[in-house]
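Engineer: The sequence and its predicted three-dimensional model are supplied below.
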Amino acid sequence: MWNVRDERVDWVARITAIILPYEGEGGVKIPRFRHGTWKRALDESTSFTPVADEMMEHAESMTVERLVDRVESTSFIAALPEGERTKVDDQVRALAAEHPDLSGRETFEFPYVTEVYVYEAV
C-alpha cells in the first residue's frame, strides 16, 4: 500500500519538483515508490502472484503552514541541514502564494492517491 501525492494536480507536481532534488542527497538512495523496483521484484518472483490492485483518491485539508510541515516531514527533507530546509520551506510558501489554485486561500485540499497491491504467496 502506498499513499502518494496526486501529481496529476499541477501544484502538487510542483511540490514534488521542489523536493525531488534532495531525494538522493549525499549518495543515499532511498527506496521510493516512484522507482517501481519493489513491484518489479514481486512481478518477477516465482513466489508471489498478483491478485488485485486498487486506487482510491482522497484529500487532506491544509493551510500553507501545514503544507510546509508536511513537506518537512518527508524523511530526506527532515534530514537536511537547517539552511537547506529553510530554502525548501521558502519555495513551498512561494508556490502557495503564487499558484492560482492556492493563492489567497486560507485552506485547501491536498490530493492523494492510495494505491493498494495485493499479492498471494504461491
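Structural biologist: Perfect, I can see it now. Since the structure is predicted, the reported quantities are computational estimates derived from the model, not experimental observations.
Engineer: packing partners for the one helix or strand in the chain whose mean pLDDT sits lowest?
Structural biologist: In the chain, the helix or strand scored least confidently by mean pLDDT, DSSP states H and E is helix 37-44, which has a mean of 83. Applying 3 or more CB pairs under 8 Å, 6 or more residues apart in numbering; DSSP states H and E, we find helix 37-44 packed against strand 48-62, strand 108-121. In short, each C-beta sits where N, CA and C put it, glycine included.
Engineer: now do 6 Å
Structural biologist: Under the contact definition 3 or more CB pairs under 6 Å, 6 or more residues apart in numbering; DSSP states H and E, helix 37-44 sits against no other helix or strand.
Engineer: Any regions of this structure where pLDDT drops low?
Structural biologist: 24-32, 34 (pLDDT under 70).
Engineer: longest helix in it, by residue count?
Structural biologist: helix 82-98 (DSSP state H).
Engineer: can you list contacts of that helix?
Structural biologist: 14, 18, 64, 68, 71, 77, 102, 103 (CB atoms under 6 Å, 6 or more residues apart in numbering).
Engineer: ok, back up a step: got the CA positions of the least confident helix or strand of the chain in CSV?
Structural biologist: Taking C-alpha atoms only, helix 37-44 is exported to CSV below (Å, rounded to 0.1, in the frame of the first residue of the first chain):
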residue,chain,number,x,y,z
THR,A,37,11.8,-1.5,-8.1
TRP,A,38,9.5,-3.0,-5.4
LYS,A,39,6.9,-4.0,-8.0
ARG,A,40,9.3,-5.5,-10.5
ALA,A,41,10.8,-7.7,-7.7
LEU,A,42,7.3,-9.1,-6.9
ASP,A,43,6.3,-9.4,-10.5
GLU,A,44,9.5,-11.3,-11.4
